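[1] Sequence below, structure please.
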Amino acid sequence: MILIIVALGLPSSIVLLSSKEPMPNPPLVDDQSIDQDLNEESVITVNVERSETDQVESIPLEQYVISVVASEMPADFELEALKAQALAARTYIVQYMMATGSLESDKTITDTVQHQVYRSEEELKALWGADFNWKYEKISEAVTATAGEILTYNDSPITPAFFSTSNGQTENAQDYWENELPYLISVDSEWDKDSPRFLDQKSIPIHEVEQSLGISINETVSSPRMTYTESDRVQTVELGGQIFTGREIREKLDLRSTDFTIEQKDDHLVFTTKGFGHGVGMSQYGANGMAKEGKDYSDIVLHYYQGVDISTITEAIPTLVAKK
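    Next up, the predicted model:
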């Protein structure tokens, strides 16, 4: 049996629902650092630094994926949507395993959105209470059904960005982050309109907007000048005589998405948003909607990640070594 210790410490690029800038495809693995005869008996271990205790726990890969899926997607989602989430979670780990340059690195990952949210079985029991058994069994079934599978593009693990809810379309990677990734392009996601997170309003006192953005608003805000991305999200907006990106406004004012309108009501600005998250990659509510229509997990991931392949870890690692 081959023991491979996976320890990842690079900044997150998925991000789950965060907005870290994605990185290009990870560097190829040093062919001296892995065993090309990796087989089904191999044990891949993820080292997780627990934020509450600062202790490092070594978790078998598939057990880790179960806990990440349980932490990142509602257990009452359709089984095929949970399988799609399992592929995203597993691909994320494998991508950064490759990016360390060695499968035996002693670096760790966090249990937060900086990487992927991870909760132990004990934490999930406390969170779910009487629902623990059925929820854990369902998620375990989804992970087991996809065990060892990852998403690749040109034989390399992808950056499997995902988020909660779109505005009806996903976003091009380059329209939110600086990097263009050919598999993270805008696609339709009409299922999101049924998400409870599709619409939101946030009213912010003007003085707080001024403080957050470092501007002075001396005139009534009425139809501010905006430009838009391909997916109808705000690319730029002019406020207080300055130009901001939609991403800057979202992050500085803690809005749900970059699809927003602005209306002034008395001494407040009201931001009406569509969607929840950065909008790049797989929409979780979209995935659930596709599953409800009878689509399987491969249909889901191949829709949201254009041009990718579903590979196995044992296939991908020798391929990457051979390419080097």
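
[2] so where's the longest helix in this structure?
    Under DSSP state H, the helix in the chain containing the largest number of residues is helix 79-99.

[3] The helix or strand just after that one pairs with which strands?
    Going down the chain from helix 79-99, the next helix or strand is strand 109-110, by DSSP states H and E. Taking DSSP bridges as the criterion, strand 109-110 forms sheet pairs with strand 43-49 (parallel).

[4] Give the other helices and strands that the longest helix of the chain contacts.
    In this structure, helix 79-99 makes packing contacts with helix 61-72, helix 132-145, strand 149-153, strand 156-157, strand 282-283, helix 284-292, helix 297-304, helix 313-323, judged by 3 or more C-beta pairs under 8 Å, 6 or more residues apart in numbering; DSSP states H and E. Glycine gets a C-beta too; all of them are placed from N, C-alpha and C.

[5] what's next to the helix or strand that S212 is a member of, contact-wise?
    Assigned by DSSP H and E, S212 falls within helix 206-213. If you take C-beta atoms under 8 Å, 6 or more residues apart in numbering as the criterion, helix 206-213 is touched by 215-217, 239-240, 242, 244, 249, 252-253, 264, 267-269.

[6] Recalculate using a threshold of 7 Å.
    S216, I217, L239, G240, F244, K252, L253, D267, H268, L269 (C-beta atoms under 7 Å, 6 or more residues apart in numbering).

[7] next one: stretch 218-234
    167, 169-172, 175, 186, 235-239, 246, 249, 257-260, 262, 264, 269, 279.

[8] what about the residue lying closest to A70 once chain neighbours are set aside, neighbour count?
    If the residues on either side of it in the chain are set aside, A70 comes closest to I139, at 5.0 Å by C-beta to C-beta, 6 or more residues apart in numbering. I139: 26 surrounding residues under other C-beta atoms under 10 Å.

[9] Hmm, I139 is touching K83, no?
    No. Using C-beta atoms under 7 Å, I139 is not in contact with K83, being 9.9 Å away.

[10] and P60, how far is that from T312?
    Distance of P60 to T312, given as C-beta to C-beta, to the nearest Å: 17 Å.

[11] what does the average pLDDT come to for the helix holding S212?
    The predicted model assigns helix 206-213 a mean pLDDT of 97.

[12] got it, and stretch 53-73?
    91.

[13] So what's the model's average confidence on stretch 179-193?
    What stretch 179-193 shows for mean pLDDT is 97.

[14] low-scoring pLDDT stretches of the stretch 101-250 of the chain, where are they?
    101-107 (pLDDT under 70).

[15] and the contacts of stretch 218-234, which are buried?
    Buried by 16 or more other C-beta atoms under 10 Å: 167, 169-172, 175, 186, 235-237, 239, 246, 249, 257-260, 262, 269, 279, out of the contacts of stretch 218-234.

[16] L213: neighbour count?
    Using other C-beta under 10 Å, L213 has 17 neighbouring residues.

[17] again, but for T53
    With other C-beta under 10 Å as criterion, T53 counts 8.

[18] what about T261, is that helix, strand or coil?
    strand (DSSP: H, G, I helix; E, B strand; the rest coil).

[19] which residues touch it?
    T272 are the contacts of T261 under C-beta under 7 Å, 6+ apart.

[20] so how far is A173 from it?
    Counting by C-beta to C-beta - T261 and A173 are separated by 24 Å.

[21] just checking, V117 touches V69?
    No. Under the criterion of C-beta under 7 Å, V117 is not in contact with V69, lying 10.0 Å apart.

[22] So for these two, which residue has more residues nearby?
    The neighbour count for V117 versus V69, taken as other C-beta under 10 Å, is higher for V69 (28 against 18).

[23] any idea how far that one lies from S222?
    45 Å.

[24] Same question for A173.
    Distance from A173 to S222, by C-beta to C-beta: 33 Å.

[25] Neighbour count: those two, which is higher?
    Neighbour count, other C-beta under 10 Å: between A173 and S222, A173 has more, with 24 against 8.
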